[in-house]
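Enquirer: Predicted model follows, preceded by the sequence.
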Amino acid sequence: MSVKSELKEKVACLKKISIFKDLVENSKAMREIASLFKTVHFSAGENVIEEKIHGHSIYIIKDGSVEVIKKTLHGDSYVVVDLSADMNIFFGEVGLLNPDERSATVRCKTDCEFYKLEREQFLEFGDKNPRIGLVITREISSIVCKRLRKANNDILTLFDALVEEVGLSEGIE
């Protein structure tokens, strides 16, 4: 595949990804962003990212399917969700802003192809193109805020259920 057709394919894929939704009409910006992404391959069974390991890349599923896995406090693993390329899915986006520990493991269910962007390239791009970098950063921040609100609501729901259970058992003896 020629470099030009590969870039065109990346742009088409990125236009379907929500963090770029405010840039889809800006062809030049989309080409510049798409050129930052590298294509990487993983085999079925391989981990793309691992829970508790520091990460600094975002991945967009180009082809294949993955499972997101979390560990309980006792170290037992469970599948949170299955994701596939036809869902226009990305993961690891927080690593572009904060290269901290990953919150889950992402394992390939099939042979997979991803578009990958490293934090360093994203930051360099943002320094050279602050308006475009800001648009992407705002969208990632919005996603993180929505997740935080949901987590807060989930905690309140669990707390209410615990209080109700303790009340039904007439307190703790």
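Expert: Perfect, I can see it now.
Enquirer: For F114, give me phi and psi.
Expert: The phi/psi pair for F114 (degrees, to the nearest 10) reads phi -130, psi 160.
Enquirer: wait, it sits on Y59?
Expert: Yes: the criterion here is C-beta atoms under 8 Å, and F114 meets it with Y59 at 4.5 Å. To be clear about C-beta, it is placed using only N, CA and C from the backbone, and glycine gets the same treatment.
Enquirer: Are there residues contacting both of these two? Which ones?
Expert: Residues touching both F114 and Y59 by C-beta atoms under 8 Å, 6 or more residues apart in numbering: V40, V48.
Enquirer: what's the following helix or strand after the host helix or strand of K28?
Expert: If you go by DSSP states H and E, K28 is part of helix 27-36. Downstream of helix 27-36, the next assigned helix or strand under DSSP H and E is strand 38-42.
Enquirer: what about dumping the CA coordinates of that following strand to CSV?
Expert: Extracted in CSV, the C-alpha atoms of strand 38-42 (Å, rounded to 0.1, in the frame of the first residue of the first chain):
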residue,chain,number,x,y,z
LYS,A,38,2.0,4.1,13.5
THR,A,39,0.5,0.8,12.6
VAL,A,40,1.3,-2.0,15.0
HIS,A,41,0.3,-5.7,15.0
PHE,A,42,-0.4,-8.1,17.9
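Enquirer: Contacts for the helix or strand harbouring S5 next, please.
Expert: In this structure, S5 is located in helix 3-14 according to DSSP H and E. With C-beta under 8 Å, 6+ apart as the test, helix 3-14 has contacts from 1, 20, 27, 30-31, 33-35, 37, 39, 60, 62, 88, 115.
Enquirer: Just send the residues you listed back as JSON lines, with pLDDT too.
Expert: Putting these into JSON lines (pLDDT from 0 to 100) gives the following:
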{"residue": "M1", "pLDDT": "71"}
{"residue": "F20", "pLDDT": "95"}
{"residue": "S27", "pLDDT": "94"}
{"residue": "M30", "pLDDT": "96"}
{"residue": "R31", "pLDDT": "96"}
{"residue": "I33", "pLDDT": "96"}
{"residue": "A34", "pLDDT": "96"}
{"residue": "S35", "pLDDT": "96"}
{"residue": "F37", "pLDDT": "97"}
{"residue": "T39", "pLDDT": "96"}
{"residue": "I60", "pLDDT": "97"}
{"residue": "K62", "pLDDT": "96"}
{"residue": "N88", "pLDDT": "94"}
{"residue": "Y115", "pLDDT": "97"}
